[in-house]
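**Student:** Starting from these lines, generate the structure:
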Amino acid sequence: MNAKMEAIYLVKQGSGETAFERRALTLPTLPKNEVRIAVEGFGLNFADVMARNGLYREAPPLPAILGYESVGRVEALGDEVRDLTIGQRVLAFSRFGGYATHVQVPALAVVPISEKFSIDEATALGTQYCTAWYAAEEALRLYAGEHVLVQAAAGGVGTALVQMAKRKGCVVYGTAGSEEKLNYLRSIGVDHPINYQKEKFDDYIRRVRPKGIDVVFDCLGGKGFKRGFKLLAPGGRIAGYGAAERLDKKGPFATLSLVFGFGFYSPVGLLIPSKTIAGVNMLRIAEQKPELLRTCMLAVTKLAESGELNPFGGGVFDVAEIGKAHEMLQNRQTKGKIAVRW
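**Tutor:** Predicted coordinates for the structure are as follows:
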């Protein structure tokens with residue numbers, strides 16, 4: 001008899017409360033270079049929210065199993081896998097398929113994870129901390145004393161970027177939309193918490209730092225990205241890793257408006273002031289450079305184990321509450337990383 005597993009399928013676009021369906025399916029054959037993991041829980045990402053709203057073109061066609069990172073225990077090893085053991089607790093990165101009781105991924109996308117980390121803390125080290133590490137250490141590089149803006153700094157990637165910037169001795173500006181979240185930003189070391197509901201972030205920064213800033217980490221996209229770019233001093237860098245602004249736009253031309261909002265950049269306009277624009281998509285890194293993904297995963301888990309990084313768990317929901325968790329994430333009612341347990 002073939003072994004069974006369960007998965008949460010995205011079956012239609014729209015409300016989180018009606019978009020998902022729990023289904024049983026057969027475990028696939030395990031390739032020789034892959035690992036099968038019995039999942040404790042999986043993480044949620046803003047890209048999942050975009051996919052549920054039909055705004056993420058990377059997502060597979062419906063019905064689809066979303067999810068990028070899972071934590072659980074090794075259940076089976078492909079014939080070529082040597083550095084993991086059955087029963088070992090691990091963190092896994094998958095190109096979708098994470099909303100399931102079992103995941104099968106290449107061994108390069110699996111790293112051991114300590115028992116001391118809760119599900120939300122462990123999964124934060126997957127997509128969020130790897131995205132932040134790649135942006136701050138691979139695509140760009142931070143230096144002591146630099147002034148750094150982190151958009152949506154109370155979120156999962158934002159929290160990771162703040163910690164990495166403070167670890168390097170940077171001055172950090174962070175945006176959030178409530179006093180509760182601003183207090184959270186202060187608690188993780190943000191030097192200049194900015195409530196974007198009360199003041200434009202670029203107005204604030206120009207007032208306190210007229211000469212401009214050195215680095216911007218942008219998850220907004222559109223006009224938010226362009227406004228961040230204009231804040232850069234000579235030698236400045238900006239990394240874009242999302243387009244959250246798209247959810248705030250309605251109507252048939254919403255995507256076009258987002259694209260034009262980014263602005264247009266000439267190489268000459270980058271050469272003369274020596275500015276850098278980087279794009280970050282960990283799905284592409286995982287696909288095209290799996291060794292680099294592994295480098296990121298090993299780096300962040302090692303630093304978390306030593307206490308140099310502190311993944312912030314924003315809460316763990318039962319699998320029956322996945323719709324509620326999605327809606328809270330979309331409505332910016334969460335801090336740090338949220339996850340779902342089986």
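**Student:** Nearest residue to the residue nearest the centre of the chain in space, please, no chain neighbours.
**Tutor:** Nearest to the geometric centre of the chain sits residue 128, at 3.4 Å (CA atoms, centre = their mean). Once flanking residues are discounted, residue 128 sits nearest to residue 156: 3.7 Å by CB to CB, 6 or more residues apart in numbering. (Glycine included, C-beta is placed from N, CA and C.)
**Student:** Please name the residues that touch that neighbour.
**Tutor:** 45, 124, 127, 128, 312, 314, 336, 337 (CB atoms under 8 Å, 6 or more residues apart in numbering).
**Student:** looking at this, the residue nearest to the centre of the chain is in a strand?
**Tutor:** No: counting by DSSP: H, G, I helix; E, B strand; the rest coil, one finds residue 128 to be helix, located in no strand.
**Student:** I'd say it and residue 161 touch.
**Tutor:** No: using CB atoms under 8 Å as the test, residue 128 is too far from residue 161 to be in contact (9.2 Å).
**Student:** which of the contacts of residue 156 has the weakest pLDDT?
**Tutor:** Within the set of these, pLDDT is lowest for residue 336 (83).
**Student:** That one - how many residues pack around it?
**Tutor:** 21 (other CB atoms under 10 Å).
**Student:** Then residue 308?
**Tutor:** 12.
**Student:** With adjacent residues omitted, what lies nearest to it?
**Tutor:** Among residues not flanking residue 308 along the chain, residue 167 sits closest, at 6.3 Å (CB to CB, 6+ apart).
**Student:** these two touch, right, the one you found and residue 309?
**Tutor:** Yes: Residue 167 is in contact with residue 309 according to CB under 8 Å; the separation is 7.4 Å.
**Student:** neighbour-wise, which of those two wins?
**Tutor:** The neighbour comparison of residue 167 against residue 309 (other CB under 10 Å) goes to residue 309, with 22 against 14.
**Student:** pLDDT below threshold where in this structure?
**Tutor:** 1-2, 243-263 (pLDDT under 70).
**Student:** residue boundaries of the strands in the stretch 1-150 of the chain?
**Tutor:** Remark: strands assigned in the stretch 1-150 of the chain by DSSP state E, counting those that start in this stretch are 4-10, 20-26, 34-43, 69-77, 89-93, 102-106, 110-112, 147-150.
**Student:** buried sites along the fourth one?
**Tutor:** Going back to what we said before, that points to strand 69-77. The neighbour-count check on strand 69-77 (16 or more other CB atoms under 10 Å) flags 69, 70, 71, 72, 74, 75, 76, 77 as buried.
**Student:** Next: the shortest one.
**Tutor:** Judged by neighbour count (16+ other CB under 10 Å), strand 110-112 contains these buried residues: 110, 111.
**Student:** Which other helices and strands does it contact?
**Tutor:** In terms of contacts (3 or more CB pairs under 8 Å, 6 or more residues apart in numbering; DSSP states H and E), strand 110-112 is packed against strand 89-93, helix 290-306.
**Student:** mind giving me the domain ranges of the chain?
**Tutor:** 4-125+311-341, 129-282 (automatic domain parsing).
**Student:** Any idea which of those gets closest to residue 294?
**Tutor:** domain 4-125+311-341 (4.8 Å; CB to CB).
**Student:** Quick one: end-to-end length of that closest one, please.
**Tutor:** With CA to CA, to the nearest Å as the measure, domain 4-125+311-341 spans 18 Å from end to end.
**Student:** Repeat that for stretch 179-194.
**Tutor:** 10 Å.
**Student:** which other residues reach that stretch?
**Tutor:** Here stretch 179-194 has contacts from 150, 153-154, 159, 162-163, 166, 171-176, 195, 201, 204-205, 208, 312, 335, using CB under 8 Å, 6+ apart.
**Student:** Can you give the distance of it from its chain's centre?
**Tutor:** 20 Å (CA atoms, centre = their mean, to the nearest Å).
**Student:** which ones are touching residue 11?
**Tutor:** Counting by CB under 8 Å, 6+ apart, the residues that residue 11 touches are 19, 20, 21, 62, 63.
**Student:** Are any of those residues buried, and if so which?
**Tutor:** 19, 20.
**Student:** would you list the contacts of residue 11 in TSV and tack on distance to residue 321?
**Tutor:** Output for the contacts of residue 11, formatted as TSV (distance: CB to CB, whole Å):
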residue	distance to residue 321
19	14
20	11
21	15
62	22
63	20
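**Student:** Now flag whichever of the contacts of residue 11 is closest to residue 113.
**Tutor:** Once CB to CB is applied, the member of the contacts of residue 11 that ends up nearest residue 113 is residue 20, at 26.2 Å.
**Student:** Tell me the bridge partners for that closest one.
**Tutor:** residue 10 (DSSP bridges).
**Student:** And the helices in the stretch 101-250 of the chain?
**Tutor:** 119-124, 127-133, 156-167, 179-187, 201-208, 222-230 (DSSP state H, counting those that start in this stretch).
**Student:** Just put these in TSV and tack on distance to residue 267.
**Tutor:** TSV is the format used below for the helices of the stretch 101-250 of the chain (distance: least, CB to CB, whole Å):
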stretch	distance to residue 267
helix 119-124	36
helix 127-133	26
helix 156-167	27
helix 179-187	35
helix 201-208	24
helix 222-230	14
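**Student:** out of these, nearest to residue 216?
**Tutor:** In terms of CB to CB, the element of the helices of the stretch 101-250 of the chain nearest to residue 216 is helix 222-230, at 4.0 Å.
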